[in-house]
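Peer 1: Kindly return the folded structure for what I paste below:
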Amino acid sequence: MTAGWRATPGTPATPAHRRAARRAQELLANELPLAREAARAWSHGLAGLFVGLLGFGLVKGRTDVSKLAAPYGSAVGGALLLSLLCGTAGALLLLRAAHGAPRLLRLPLGVGTAPALLEVGDHLETLSVVRALRLGVLLTLACGAALVGAVGLTWYGPVKEAPRLVVRTGAESVCGESVRVTAGRLTLRTETGEVTVDLTDVVSLGAVGACPAAGGDR
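Peer 2: Alright, predicted model coming up:
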C-alpha cells in the first residue's frame, strides 16, 4: 500500500507577503493599460522624429536621380523602397500596440472561470503589445536609416560622366569632353588640359563612353 499525497498548511502569510501579493495583483491588472500608454508615447515620439527627418530630406540637394552614376541610382531606389516597406510595417505594428488588433473578442463561457480567463487573456495581450511595440520601433528606426541613406546618396553619389568626343584630324587624334565651340574651333577638356581643334581640319568625330586608357587623348 502506497501512501498518497498529503497537503499540509504552509507558513502563515506575513504583512510583507500580503503587500507583495496585492502589488502583484495591481501590476497584473494594470499591465495592459500601461503597455498601451507606452505604445502611444513611443508612437508620438517616433512621429516627431520623422517630422524632423522629413524636413532633413527636403533640404535642397540633387533632385534628378537619373543623373547618378551606376549603381548609385538603383541603390537610391532600393533604399527608398526599403524605407517604404519598413515604415509601413512599423506604423502598423505601432498602431496594433497602441490600439489593439482589429478583431472580435470572444468572452469565455461560465461564471466561475470567466474572471481568471479574462486576466490570462489580458496578460497574453500585453505580451503581444510589447512584442509589436519592440518590432515596430526597430522597423521604424530602420525606415529612418534607409531614408537618410537614400538622401545621402542623392547628395554625395557621383554623377554620370558626360560622353566623350574623339576628334581625328590629319595630324592627331584628341579625346575629351566638349567645352565650347567658338569661331569654328572646338575646345575639349582632356586629362592633360584643354585642347582646341580647328573644325576645318577634322577628318572624323564620334562620341564614346570613355576615352582610351593609354594614348587616348591624342
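Peer 1: what's the spacing between Val202 and Pro163?
Peer 2: Distance of Val202 to Pro163, computed by C-beta to C-beta, to the nearest Å: 17 Å. Bear in mind the C-beta positions are built from the backbone N, C-alpha and C, glycine included.
Peer 1: And Val51, by the same measure?
Peer 2: 42 Å.
Peer 1: likewise Thr126?
Peer 2: The spacing between Thr126 and Pro163, counted by C-beta to C-beta, is 63 Å.
Peer 1: And these two? Which one has more around it.
Peer 2: Between Thr126 and Pro163, Thr126 has the larger neighbour count (other C-beta atoms under 10 Å), namely 18 against 12.
Peer 1: So in the protein, which strand runs the longest?
Peer 2: Determined from DSSP state E, the single longest strand within the chain is strand 173-182.
Peer 1: helices or strands up against that one?
Peer 2: For strand 173-182, the helices and strands in contact under the criterion 3 or more C-beta pairs under 8 Å, 6 or more residues apart in numbering; DSSP states H and E are strand 164-169, strand 185-190, strand 193-198.
Peer 1: what about those, which gets the closest to Gly176?
Peer 2: Of all the helices and strands packed on strand 173-182, it is strand 185-190 that lies closest to Gly176, at 3.5 Å by C-beta to C-beta.
Peer 1: residues in contact with Leu135?
Peer 2: Contacts for Leu135 were tallied using C-beta atoms under 8 Å, 6 or more residues apart in numbering; they are Gly90, Leu93.
Peer 1: List the buried residues of the longest strand of the chain.
Peer 2: Val174, Cys175, Gly176 (16 or more other C-beta atoms under 10 Å).
Peer 1: what is the mean pLDDT for stretch 195-206?
Peer 2: Averaging pLDDT along stretch 195-206 yields 79.
Peer 1: That one spans what distance, first to last residue?
Peer 2: 16 Å (C-alpha to C-alpha, to the nearest Å).
Peer 1: Let's check: the centremost residue of this structure is which one?
Peer 2: Cys143 (2.4 Å; C-alpha atoms, centre = their mean).
Peer 1: and that residue, what does it touch?
Peer 2: Leu82, Ser83, Leu84, Cys86, Gly87, Gly90.
Peer 1: May I ask which helix or strand encompasses it?
Peer 2: Using DSSP states H and E, Cys143 sits in helix 114-156.
Peer 1: my guess is Gly184 contacts Asp198, does it?
Peer 2: Yes - using C-beta atoms under 8 Å, Gly184 makes contact with Asp198 at a distance of 6.8 Å.
Peer 1: In terms of neighbours, single out the busier of the two.
Peer 2: Neighbours were counted for Gly184 and for Asp198 using other C-beta under 10 Å; Asp198 has more, 11 against 8.
Peer 1: partners of the more buried one in the sheet?
Peer 2: Note on Asp198: beta-bridge partners by DSSP bridges are Arg185.
Peer 1: mind listing what Leu165 touches?
Peer 2: Neighbour list for Leu165: Cys175, Gly176, Glu177, Ser178, Leu186, Leu188, Leu205, Gly206, Ala207, Val208 [criterion: C-beta under 8 Å, 6+ apart].
Peer 1: Can you classify the residue lying closest to the first one once chain neighbours are set aside by secondary structure?
Peer 2: With C-beta to C-beta, 6 or more residues apart in numbering as the criterion, Cys175 has its nearest non-adjacent residue at 3.9 Å, and that residue is Cys211. The assignment at Cys211 comes out as coil when based on DSSP: H, G, I helix; E, B strand; the rest coil.
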